[in-house]
Every structure is written in C-alpha cells, then in structure tokens.
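Colleague: Pasting the sequence and the predicted coordinates here, then a few questions.
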Amino acid sequence: MSTLLGQSGLMSNTNTTHAPANDNEGPFSIGQNIWPGISKLIEECGEVLQIAGKLIATGGRTDHWSGRDLGHDLTEELGDLIAAAWFVIEHNGSTIDTTAVEDRIEMKTDLFNQWHGQHPTSGGNGS
C-alpha cells in the first residue's frame, strides 16, 4: 500500500517549511507533543462535512447560491482532509501503525468499490 499512496502523491510532501507552534496552541495542535495534528484533522473533517451538506441541500448540483463551485471546494477540502489524516498518522507513529492504516485503506477501498458495483445506476457525482 505504501507504493499506492506514494504513487498517488498522498505520502509525498515536498514542502518542509512550517510555522512554529504558538504557545497558545493546545497539545493536539500541529507542532505540539500530544497527538499532534488531531485538532487540524477535526477542523478539516468539519469543512468536508459543510460542503457535503451543501451538496445534499442543492440536490447534488455544484453551483451553490453563494456563487461557490462546490465541486472545486470539495476537491480542495478532501485534499486538506487527506493531508491532515496523513500528518496525524506520520507524527503519531508510536501509537498508530502506518502499515495497518495502509492495509485498512486498501481493504475499505475494495469494499466500497464492491458496494458501488452493486448499484450501477448511481454515479458518485450525480451522473
């Protein structure tokens, strides 16, 4: 699975610069020592949920009344969510088994594709 994640670009991070941790940040923040990145992961989950809710409210249309392109927004936020999840995995390695996570990703992806194949008339983007 490592090669799959590496090939898709999920594990590659060429940007090694980051802002130093702020003294006001909690222990779950990026740069801190207790579950670093968990707060960012929660934030990104919430942003994906907001866009998903808007997609449901529009009946799957990506043109939102606010003028936002929900397809574009979802693309960006899913990328942010995956990056945050991988950050948590990488920086909490003494607790999280990276290989087990990769195996779980592969297993769940296969299962979701199997479920999706049982419903050939349903498209992921309303098509």
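Modeller: Yep, that arrived.
Colleague: what about the protein, any weak spots by pLDDT?
Modeller: 1-24, 120-127 (pLDDT under 70).
Colleague: Spell out the residue ranges of the helices in it.
Modeller: Remark: helices assigned in the chain by DSSP state H are 2-8, 38-57, 70-91, 98-117.
Colleague: what about those helices, which gets the closest to residue 63?
Modeller: Distance to residue 63, taken as Cβ to Cβ, is lowest for helix 70-91 among the helices of the chain, at 7.5 Å. In short, each C-beta sits where N, CA and C put it, glycine included.
Colleague: Of all the helices of the chain, which one is nearest residue 29?
Modeller: Closest approach to residue 29 among these (Cβ to Cβ): helix 38-57, 5.2 Å.
Colleague: Which elements pack onto that closest one?
Modeller: In terms of contacts (3 or more Cβ pairs under 8 Å, 6 or more residues apart in numbering; DSSP states H and E), helix 38-57 is packed against helix 70-91.
Colleague: now for the helix it packs on, which elements pack on it?
Modeller: Against helix 70-91 (3+ Cβ pairs under 8 Å, 6+ apart) you get helix 38-57, helix 98-117.
Colleague: what angle do it and helix 98-117 make?
Modeller: 150 degrees (axes from the mean of the first three to the mean of the last three Cα atoms, to 10 degrees).
Colleague: Buried residues, helix 70-91. List them.
Modeller: 70, 73-74, 77, 80-89, 91 (16 or more other Cβ atoms under 10 Å).
Colleague: In a markdown table, list the helices of the chain along with distance to residue 32.
Modeller: Formatted as a markdown table, the helices of the chain follow (distance: least, Cβ to Cβ, whole Å):
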| stretch | distance to residue 32 |
| --- | --- |
| helix 2-8 | 25 |
| helix 38-57 | 9 |
| helix 70-91 | 10 |
| helix 98-117 | 20 |
